[in-house]
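*Asks:* Predicted structure and sequence below. I'll ask about it afterward.
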Amino acid sequence: MAQQIAKLNYLKIAPRKVRLLASMLKGLSVNDAEAHLLHSPQRSAKALLKLLRSAVANAKNNQKLDTTRFFVQSIRVDNGPMLKRHLPRARGTASPIQKKMSHVILIIAETTKQNNNRFQIIVPKKIKDKDLKKKAKSKKLESIGAEKDSKEKSQEKRGILKRVFQRKSI
C-alpha cells in the first residue's frame, strides 16, 4: 500500500483550532476531504486544503499513482513555537499574549478498492491570453454600466415625497 507524506510547518494558527478541522478529515477519501475543506468557514481550511492538494500532486507526479484511490490515513497537528508578547493594561501592568503556531503532518494512503467520487471539484484556471482578459474586462464594464442605469431609473420612478424626505441630499 503506497502512501505519501506532506508537512506544513509554522502555520500561524493555534493547534487547537486546526485540530477541529483535522479530526473531521481522518478516514475520508481525498475527494470528500477536499469538498469539506472548500466549504468550511474556518481560517485553517485554506491551509489544510493547500496541504492536501500538495500531497495528492506529489503522489501523482513523483510516484505515478492513481489519485482517485487515495484517502486520508492520518493527520497530526503538533504545537509549533510560540511568540510571547505583552499587552499594556491598567495601572502600569501588562498581560501576556501567546501567539501560537502549529505543525501539520498529513499522510494519504492508497486503498485497494476504487472510491466513488461523490463530488466533482472544478478548480478555476487562470487566463493567460491577453485577448481573453480584455474581453472579460469589457464584459465587466458593460455590466457595471447596466447597474448604474437601473439605479438611475429606480430613482426617477420614486415619488416627489420620497425624494424630499430622504436622509441624504441628492
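*Replies:* Great, that's in hand.
*Asks:* Which residue ranges of the protein form strands?
*Replies:* Assigned by DSSP state E, the chain shows strands spanning 3-11, 70-88, 94-110.
*Asks:* ok, and for the longest one, which residues are buried?
*Replies:* Buried residues in strand 70-88, counted by 16 or more other C-beta atoms under 10 Å: Phe70, Phe71, Val72, Gln73, Ile75, Val77, Gly80. For the C-beta atoms, the positions are set from N, CA and C on the backbone; glycine is no exception.
*Asks:* helices and strands around it, which ones?
*Replies:* strand 3-11, helix 15-25, helix 30-38, helix 44-62, strand 94-110 (3 or more C-beta pairs under 8 Å, 6 or more residues apart in numbering; DSSP states H and E).
*Asks:* Go again with 7 Å.
*Replies:* Using 3 or more C-beta pairs under 7 Å, 6 or more residues apart in numbering; DSSP states H and E, the elements in contact with strand 70-88 are strand 3-11, helix 15-25, helix 30-38, strand 94-110.
*Asks:* pull the CA atoms of the third one into CSV?
*Replies:* As requested, the backbone C-alpha atoms of helix 30-38 are provided in CSV (Å, rounded to 0.1, in the frame of the first residue of the first chain):
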residue,chain,number,x,y,z
VAL,A,30,-9.2,12.7,-0.8
ASN,A,31,-12.2,14.0,-2.9
ASP,A,32,-14.5,14.1,0.1
ALA,A,33,-11.9,15.8,2.3
GLU,A,34,-11.3,18.4,-0.4
ALA,A,35,-15.0,19.1,-0.6
HIS,A,36,-15.3,19.5,3.2
LEU,A,37,-12.4,21.9,3.2
LEU,A,38,-13.7,24.0,0.3
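*Asks:* If you count neighbours, what's buried in it?
*Replies:* Val30, Asn31, Asp32, Ala33, Glu34, Ala35, His36, Leu37.
*Asks:* which one of those is nearest Glu110?
*Replies:* Glu110 lies nearest to Val30 out of the buried residues of helix 30-38, by C-beta to C-beta, at 10.2 Å.
*Asks:* Excluding chain neighbours, what is closest to the closest one?
*Replies:* Residue nearest to Val30 in three dimensions, not counting chain neighbours: Phe70, with 4.5 Å by C-beta to C-beta, 6 or more residues apart in numbering.
*Asks:* Tell me the bridge partners for that neighbour.
*Replies:* Glu110 (DSSP bridges).
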